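Engineer: what follows is a predicted protein model with its sequence.
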Amino acid sequence: MRFMVLVKANKDSEAGILPDEKILTEMGKYNEELAKAGVLLAAEGLQASSKGARVRFDGAKRTVIDGPFAETKELIAGFWLWQVKSKEEAIEWLKRAPFGGGTEVEIRQVFEPSDFGPALKPEFREQEERLRQQAAAKR
């Protein structure tokens, strides 16, 4: 099972305040543990929403909205992608993260092809696998 672990933004991350050396060191050690356990697939921090944009879709119309975005508590400051056996295992790993007070982190399971059952026809499964292989080859 794969889980996306979403670290919510806060006033500091939205102000572009970078983590200090102590936090970076602790997070580095934590990420090493995840990697050694075979859990870590990806991990990245995100720039403040002031450097981002949203695209709103309305039929054929596309509207671009430049950041920053007002609701900090609904924004994402970073993420992990983990491979674990269950949501409970993801929660146990997350409880070990070196976050202080006020941090909120969300865990969401990633859809797997098998989740779609017969609606995902063999040609769609083959296309998905081919695209994953192409993306991996370009890294």
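Structural biologist: Nice, I can see it. Residues are numbered from 1 along each chain as shown.

Engineer: secondary structure class of the residue most central in space within the chain, three-state.
Structural biologist: The residue lying closest to the centre of the chain (Cα atoms, centre = their mean) is Phe79, at 3.2 Å. Secondary structure for Phe79, judged by DSSP: H, G, I helix; E, B strand; the rest coil, is strand.

Engineer: for it, name its beta-bridge partners.
Structural biologist: In this entry, Phe79 is beta-bridged to Leu6, Glu44, by DSSP bridges.

Engineer: wait, it sits on Phe3?
Structural biologist: No: Phe79 is not in contact with Phe3 according to Cβ atoms under 8 Å; the separation is 10.3 Å. In short, each C-beta sits where N, CA and C put it, glycine included.

Engineer: against Arg62, how distant is Ala70?
Structural biologist: Distance of Ala70 to Arg62, given as Cβ to Cβ, to the nearest Å: 21 Å.

Engineer: again, but for Glu33
Structural biologist: Counting by Cβ to Cβ, the gap from Glu33 to Arg62 is 42 Å.
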